[in-house]
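J.: fold the following and give me the result.
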Amino acid sequence: MKHKRIATVATAAALTLALGACGGDAGGASGGAYPSEDMDWTIAFGPGGGNDIMARTMVDILQRDELYPENIRVENREGGSGATGWGYLLGQAGEGYGISTTSGSFITTPLQADTGWTPTDFTPVGLLAADNALLIGSGKADFQTYDEWVDYATEKGSVVVGGIGTVNVDYILQQMIADAEGYEIEYVPYNEEGQMQTSLLSGAIDTMISNPGSIMGQVEAGQVTPLLFTGPERLEALPDVPTGEENDIADMPSMPRGLILPPDAPEEAQEWWIETMQEVVETDAWQEYLDENFLLEDERWGEDFTSYLDETQSSFEDQLTELGAL
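T.: Modelled structure (predicted):
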């Protein structure tokens, strides 16, 4: 699969700093050159979803290529549409040995809950990719195409649908589709992909939103049916699945896949992670991950990532307000 690269120039200091210049106290008790301690890596959602897959891919590359000299402890700290995990990272403010991956909930959760933080409070490493989504039905459902789903949903008038997080990209997508086609939804939020898939297969929900990399195995096994793709073009792997734009649903948001450190992390920690992740995204393993999970490369480093988060949150806030969710 061919994918496009969208690269934004980072600050000159972040791009040119040599690893050997990274000294001083990086937020750990022992001080010294960064990094010199184990890394505490938080995944703000449960196993199996897009956030989990991306984080573990990064850690695998870092460890395999011996890019991080100490141990990396990875833990799923799900709950509250990401608020639990990112709240844990917030508690590591000023330190350089906590890290987490981002998703759409990183931007939307603070819009509808008192999290005590906003996305721009954290120290940015970078945006690495954009993840489009699929509208998914059960392989045993009465509908097996998008047109059949629309007929089913409009005839019922109201349907039960699922997604990861409460007021998140998944919710926005489900509501945009429903508004465009003229039916009502009862949205059920989940913290784990596996739980949501179980609900779909049991008939507890009618459709769900999932990322291609998380669900393609079940698609190939015939357990679930992809109905609609939210990206601008059809997936090569699913040539019969139409896009939202083909059905007059424009500007469907994608999931931002990025990396952050705690608020006020030491400068040497931020610089080390920017430089190291720029190495990671050039590896064959990372390119294979993008291809296998159908992600669009979108790289924005340091403060360029912060600007992106601020602009995207404003856009999501406008969309959620228009949809009546805020």
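J.: and residue 225, that's in a helix?
T.: No: note on residue 225: no helix contains this position according to DSSP: H, G, I helix; E, B strand; the rest coil, which reports strand.
J.: show me what contacts residue 224?
T.: 136, 137, 138, 139, 197, 200, 201, 215, 218 (CB atoms under 8 Å, 6 or more residues apart in numbering). The way it works is simple: take the backbone N, C-alpha and C, and place the C-beta from them, glycine included.
J.: next one: it from residue 149, what distance?
T.: 13 Å (CB to CB, to the nearest Å).
J.: joint contacts of those two?
T.: residue 137.
J.: which residues of the stretch 51-200 of the chain fall in strands?
T.: Listed in chain order, the strands found in the stretch 51-200 of the chain under DSSP state E, counting those that start in this stretch are 72-76, 98-101, 123-131, 134-138, 158-164, 184-190.
J.: kindly reformat these as a markdown table containing distance to residue 36 and mean neighbour count.
T.: Conversion of those to a markdown table gives the following (distance: least, CB to CB, whole Å; neighbours: other CB atoms under 10 Å):
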| stretch | distance to residue 36 | mean neighbour count |
| --- | --- | --- |
| strand 72-76 | 14 | 15 |
| strand 98-101 | 15 | 26 |
| strand 123-131 | 18 | 25 |
| strand 134-138 | 43 | 24 |
| strand 158-164 | 35 | 22 |
| strand 184-190 | 38 | 17 |
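J.: could you dump those strands into CSV with mean pLDDT and distance to residue 267 added?
T.: Written out in CSV, the entries for those read as follows (pLDDT from 0 to 100; distance: least, CB to CB, whole Å):
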stretch, mean pLDDT, distance to residue 267
strand 72-76, 98, 21
strand 98-101, 98, 15
strand 123-131, 95, 9
strand 134-138, 98, 40
strand 158-164, 96, 33
strand 184-190, 95, 37
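J.: out of those, which gets nearest to residue 281?
T.: When the strands of the stretch 51-200 of the chain are compared for distance to residue 281 using CB to CB, the nearest one is strand 123-131, at 6.2 Å.
J.: show me what the closest one packs onto, helices and strands only.
T.: In this structure, strand 123-131 makes packing contacts with helix 50-64, strand 255-261, helix 267-280, strand 296-301, helix 303-322, judged by 3 or more CB pairs under 8 Å, 6 or more residues apart in numbering; DSSP states H and E.
J.: at 6 Å what do you get?
T.: Secondary-structure packing of strand 123-131 (3 or more CB pairs under 6 Å, 6 or more residues apart in numbering; DSSP states H and E): strand 255-261, helix 267-280, strand 296-301, helix 303-322.
J.: what pairs with it, and is each one parallel or antiparallel?
T.: strand 255-261 (antiparallel), strand 296-301 (antiparallel) (DSSP bridges).
J.: can I get these in a markdown table with mean pLDDT and mean neighbour count?
T.: Conversion of the strands paired with strand 123-131 to a markdown table gives the following (pLDDT from 0 to 100; neighbours: other CB atoms under 10 Å):
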| stretch | mean pLDDT | mean neighbour count |
| --- | --- | --- |
| strand 255-261 | 94 | 26 |
| strand 296-301 | 93 | 21 |
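J.: just put the ones you listed in TSV and tack on distance to residue 309.
T.: Formatted as TSV, the entries for these read as follows, by distance: least, CB to CB, whole Å:
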stretch	distance to residue 309
strand 255-261	8
strand 296-301	9
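J.: and the ones you listed: which comes nearest residue 53?
T.: Each of these has some distance to residue 53 by CB to CB; the shortest is strand 255-261, at 9.8 Å.
J.: the closest one versus helix 50-64: what angle between them?
T.: Regarding strand 255-261 and helix 50-64, their directions subtend 50 degrees when assessed with axes from the mean of the first three to the mean of the last three CA atoms, to 10 degrees.
J.: send the alpha carbons of strand 255-261 over as PDB?
T.: C-alpha atoms of strand 255-261 as PDB (Å, rounded to 0.1, in the frame of the first residue of the first chain):
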ATOM      1  CA  MET A 255      -7.600   9.600  14.800                       C
ATOM      2  CA  PRO A 256      -4.300  11.500  15.700                       C
ATOM      3  CA  ARG A 257      -1.600   9.000  16.700                       C
ATOM      4  CA  GLY A 258       1.100  10.900  18.600                       C
ATOM      5  CA  LEU A 259       3.500  10.800  21.600                       C
ATOM      6  CA  ILE A 260       3.700  13.000  24.700                       C
ATOM      7  CA  LEU A 261       5.800  13.400  27.900                       C
END
